[in-house]
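Undergrad: Only the shape, not the letters, is given here:
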C-alpha cells in the first residue's frame, strides 16, 4: 500500500477501503430512511396521518430525510471525490444541522415563552436565526469559484464553526428546559407535597430530554467530524 501522510490520500489509495467506507455510509443512509418510514408508520398508527403535517413532525421528517441524503452524498463523495459530490455533502449536512437545531428550538420554545420576557425571547430568536445562517456557510465555501483544495480548507473551517454553534445552542436549550422542569417540580412540591402526581412525570421528561439531546449531539458530532476529516 502506498504510504501517505494524509489520511484522505490513504483512504483513496486502497479500493477495498473505499468500498468498505462507501458501503458503511450507504448502510447508514438506509438505516436513516428506515427510521423515517418507522416514524411515519408510528404517527399514522398512534394518531392520524395528517398529524405528520404538524410543524414538529415535519421538522423531524426533514431531519431524518436530510440525514439519509447526507449519508448517501458521503458515500458518493467517498467513491467519486470531486466538486459536485462535495457540494452535495455540504448541502445535505447543512440541511441536517438546520433541521436539528430547529427541532431543538421547537422543543424548548414553550419554555422560553413561559419564563422569559418578550425582549429575551426576541434576543434568542435572533441567535437561533444567526445559527441557521452559520449552518449555511459551508454551502457557500465549497461553492467558491476557486481552487478545489482551497475551497475544501475553507469548508472545513466553516463546518467546524457551524457545528460548534449548533452544539452550543442545543446544549443551552437542553439545560434551560431541564432547569425549568426542576423549578416547576419544586414549586409543585411546595404547593401540593412530594406525592403530587405531576412530580412523577417531570423526572421522566428530564431523562428523555437529556438522552435525546445527548443522542442528537453524538449524531451531529459524527456528521461534523466525518465531514471535517473528509475535507482535509
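TA: On my side now, so go ahead. Quick caveat: nothing in here was measured; it's all calculated off a predicted structure. Numbers count the residues shown, from 1 in each chain.

Undergrad: Could you list every helix and strand that the helix or strand where residue 153 lies packs against?
TA: Residue 153 is part of helix 148-192, with elements assigned from DSSP states H and E. In terms of contacts (3 or more Cβ pairs under 8 Å, 6 or more residues apart in numbering; DSSP states H and E), helix 148-192 is packed against helix 83-115, helix 118-143, helix 198-230. All C-beta spots, glycine's among them, are computed from the backbone N, C-alpha and C.

Undergrad: looking at those, which has the lowest confidence?
TA: For these, mean pLDDT drops lowest on helix 198-230, to a mean of 61.

Undergrad: angle of the helix holding residue 153 against helix 83-115?
TA: Angle between the axes of helix 148-192 and helix 83-115 is 20 degrees (criterion: axes from the mean of the first three to the mean of the last three Cα atoms, to 10 degrees).

Undergrad: Helix 148-192 vs helix 118-143, what angle?
TA: 160 degrees.

Undergrad: Helix 148-192 - what's its average pLDDT?
TA: Across helix 148-192, the average pLDDT comes to 79.

Undergrad: so how far is that helix off the chain centroid?
TA: When C-alpha coordinates are averaged (Cα atoms, centre = their mean, to the nearest Å), helix 148-192 and its chain have centres 11 Å apart.

Undergrad: cool, stretch 71-80 as well?
TA: 19 Å.

Undergrad: What count of nearby residues applies to the closest residue to residue 132 other than its chain neighbours?
TA: Once flanking residues are discounted, residue 132 sits nearest to residue 98: 5.4 Å by Cβ to Cβ, 6 or more residues apart in numbering. When neighbours are counted by other Cβ atoms under 10 Å, residue 98 registers 21.

Undergrad: likewise residue 185?
TA: 20.

Undergrad: And it, how far from residue 179?
TA: Going from residue 185 to residue 179 by Cβ to Cβ, to the nearest Å gives 11 Å.

Undergrad: one step back: I figured the residue nearest to residue 132 hits residue 133, correct?
TA: No - contact criterion Cβ atoms under 8 Å: residue 98 and residue 133 do not qualify, at 9.7 Å.

Undergrad: Which neighbours do those two have in common?
TA: Common contacts of residue 98 and residue 133, defined by Cβ atoms under 8 Å, 6 or more residues apart in numbering, are absent altogether.

Undergrad: Quick check: neighbours shared by residue 185 and residue 179?
TA: Common contact partners of residue 185 and residue 179 (Cβ under 8 Å, 6+ apart): none.

Undergrad: correct me, but residue 116 touches residue 122?
TA: No - counting by Cβ under 8 Å, residue 116 stays clear of residue 122, with 9.4 Å between them.

Undergrad: Could you check which of these two is surrounded by more residues?
TA: A count of neighbours by other Cβ under 10 Å puts residue 116 above the other of residue 116 and residue 122, at 15 against 11.

Undergrad: can you pull the contacts of that one?
TA: residue 124.

Undergrad: any residues touching stretch 98-115, and which ones?
TA: By Cβ under 8 Å, 6+ apart, stretch 98-115 touches 55-56, 59-60, 62-63, 66, 120-121, 124, 128, 131-132, 135-136, 166, 169-170, 173-174, 176-177, 180, 183, 209, 213, 216, 220.
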